[in-house]
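Visitor: quick one: sequence and predicted model below, then my questions.
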Amino acid sequence: MSTPLRVGLAGLGTVGAGVAKVLIDDARALEARVGRALQLTAVSARSKKDRGVDLSGVAFEQNPVALAERGDVDVVVELVGGEEGAARSLVESALRNKKHVVTANKALLAHHGLALAGLAEQNGLALKFEAAVAGGIPIVKALRESLVAYPVTAVRGILNGTCNFILTQMESTGRSFGDVLTEAQKLGYAEADPTLDVGGGDTAHKLTLLASLAFGVAPDYAGMSVTGIQHISPDDIKFAREFGYRIKLLGVARKTDKGVEQYVQPAMVRAGTPLADVDSSFNAVVAHAGEAGAFFFEGRGAGRGPTTSAVIADILDVARGEAFAPAFGRPAKTLHKAKALPHEERVSAFYLRFHVLDVPGVMAEISRHLAGENISIESMLQRGRAPGEPVAIVMITHEASQIAVERALRTIAASDKVFEAPCMIPMETV
Ligand SMILES: NC(=O)c1ccc[n+]([C@@H]2O[C@H](COP(=O)([O-])OP(=O)(O)OC[C@H]3O[C@@H](n4cnc5c(N)ncnc54)[C@H](OP(=O)(O)O)[C@@H]3O)[C@@H](O)[C@H]2O)c1
């Protein structure tokens with residue numbers, strides 16, 4: 001009879017309690033699936049409060065790092081969170097103490113993934129993180145193990161459910177970003193401090209991991225250009241609709257001849273394409289895998305059920321004891337820092353919105369500044385109020401370099417006929 005896989009679980013919060021419940025309540029079904037018992041031997045959390053799971057007979061450690069030192073733990077499941085502190089200490093000492101690691105911690109891996117992957121490999125251990133990107137969607141496994149015959153050239157994703165919920169609500173209700181954010185916080189869709197979500201940082205953590213898996217480069221969070229959704233107005237969402245687009249916060253990683261482009265930015269996505277139709281708190285990823293074609297994945301990116309599902313799948317992989325694929329799909333020592341393509345060198349069509357004083361000559365002035373940077377206009381609309389009051393002028397440009405557009409907008413913003421900083425959103429055409 002095979003020996004059980006003994007699990008030490010750190011964190012009994014939203015995800016941790018879900019994982020504990022499945023390990024205990026569904027132990028027989030899991031054993032039947034892998035031919036080996038999974039035994040939750042020890043847990044750690046800050047408090048011993050009731051988690052709605054029967055943890056009698058399971059050891060409790062106040063300090064999660066103690067799990068890494070226990071003789072009755074084969075795999076440490078880290079569901080504490082945070083890029084430093086207890087989570088990092090636990091994962092490092094688990095790998096040093098020859099324990100496999102399963103984690104959902106995108107922040108930790110985006111910052112320290114390369115070193116941790118190296119440590120896991122040196123010790124012949126698994127470091128698995130399916131739940132760290134897009135919750136229940138099996139995109140990590142797909143990029144690491146499935147889409148491997150042809151090089152992946154681009155990955156685009158809606159990777160933050162909070163942002164997608166806010167943008168969807170703004171669109172359906174016409175309410176402002178601030179209003180909808182407050183509602184999302186009341187409903188528990190947004191954190192009390194929403195900065196990491198709405199500022200794009202959480203999407204960037206996940207994109208860092210996807211880019212590494214897709215292109216065989218070192219995770220490079222610092223090299224990413226990140227813009228959040230705070231500046232998106234209901235007007236922009238309405239105008240996007242009129243032009244046949246929807247605004248989505250996208251994480252995009254593309255391999256080009258010049259290097260790897262990685263950015264997080266609100267983008268205009270053409271209505272009717274798969275990413276445009278992803279609503280509410282759902283996540284989705286499109287991966288372009290050369291001759292294999294494009295693949296679209298959609299599902300719940302957060303919450304107890306989807307995240308637990310991904311964590312349990314990783315634990316089962318460890319239980320099967322197959323040869324472990326390196327954490328990022330290639331040996332850690334081959335993951336070099338990608339040559340980053342500065343975002344200013346990007347070429348795209350852009351949506352531009354100006355709030356201007358409705359006086360003769362203002363349109364000519366804007367057009368002149370754009371033409372001066374070789375930016376031509378594909379289409380335009382103007383929504384007027386009374387003469388002498390602010391009006392919105394909206395344009396879609398032909399392809400132009402981002403640096404030229406930014407330069408033109410700085411000049412235009414300095415005009416006394418322009419009321420607020422112009423809004424610029426790239427058009428995602430695929
Ligand atoms: N929630 C999601 O939908 C989701 C989705 C994808 C990935 N993730 C990732 O999964 C991880 C866990 O997220 P979560 O939402 O489950 O977090 P959570 O609800 O805040 O739970 C965190 C758990 O860690 C414990 N903890 C925190 N600091 C500790 C310390 N110093 N020592 C011991 N225990 C400590 C807490 O103990 P107490 O309960 O006693 O306070 C709690 O049980 C994070 O990395 C997160 O990014 C979450």
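Guide: Nice, thanks for sending it over.

Visitor: now do the same for Gly388: its pLDDT.
Guide: Looking at Gly388, its pLDDT is 66.

Visitor: now His231
Guide: 94.

Visitor: show the backbone phi and psi for it.
Guide: The phi/psi pair for His231 (degrees, to the nearest 10) reads phi -90, psi 0.

Visitor: for the one 10 residues further on, same thing?
Guide: Backbone torsions of Arg241, given as degrees, to the nearest 10, read phi -60, psi -40.

Visitor: from Val198, how far out is it?
Guide: 21 Å (Cβ to Cβ, to the nearest Å). C-betas here are computed from N, CA, C, even on glycine.

Visitor: looking at those two, which is more packed in?
Guide: Each of Arg241 and Val198 has its neighbours counted (other Cβ atoms under 10 Å); Val198 has more, 23 against 13.

Visitor: tell me the contacts of Ala66?
Guide: Contact analysis of Ala66 by Cβ atoms under 8 Å, 6 or more residues apart in numbering lists Ser44.

Visitor: tell me if it really is in a helix.
Guide: Yes - assigned with DSSP: H, G, I helix; E, B strand; the rest coil, Ala66 falls within a helix.

Visitor: strand partners (parallel or antiparallel) of the one helix or strand Arg254 maps to?
Guide: Assigned by DSSP states H and E, Arg254 belongs to strand 245-256. Sheet pairing of strand 245-256 (DSSP bridges) gives strand 154-158 (antiparallel), strand 259-270 (antiparallel).

Visitor: could you dump it to PDB, C-alpha only?
Guide: Extracted C-alpha coordinates of strand 245-256, given in PDB (Å, rounded to 0.1, in the frame of the first residue of the first chain):
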ATOM      1  CA  TYR A 245     -15.800  48.700 -28.200                       C
ATOM      2  CA  ARG A 246     -15.800  47.900 -24.500                       C
ATOM      3  CA  ILE A 247     -13.200  49.000 -22.000                       C
ATOM      4  CA  LYS A 248     -11.400  46.200 -20.100                       C
ATOM      5  CA  LEU A 249      -8.400  46.200 -17.900                       C
ATOM      6  CA  LEU A 250      -6.000  43.900 -19.800                       C
ATOM      7  CA  GLY A 251      -2.700  42.300 -18.900                       C
ATOM      8  CA  VAL A 252      -0.800  41.900 -22.200                       C
ATOM      9  CA  ALA A 253       2.500  40.100 -22.800                       C
ATOM     10  CA  ARG A 254       3.800  39.800 -26.300                       C
ATOM     11  CA  LYS A 255       7.000  38.600 -27.800                       C
ATOM     12  CA  THR A 256       8.200  40.800 -30.600                       C
END
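
Visitor: and that strand, what's its mean pLDDT?
Guide: The model assigns strand 245-256 a mean pLDDT of 95.

Visitor: contact residues of the stretch 1-150 of the chain facing the ligand?
Guide: With Cβ under 6 Å from any ligand atom as the criterion, the stretch 1-150 of the chain comes near the ligand at residues 11-16, 44-47, 64, 79-81, 86, 104-106, 131, 135.
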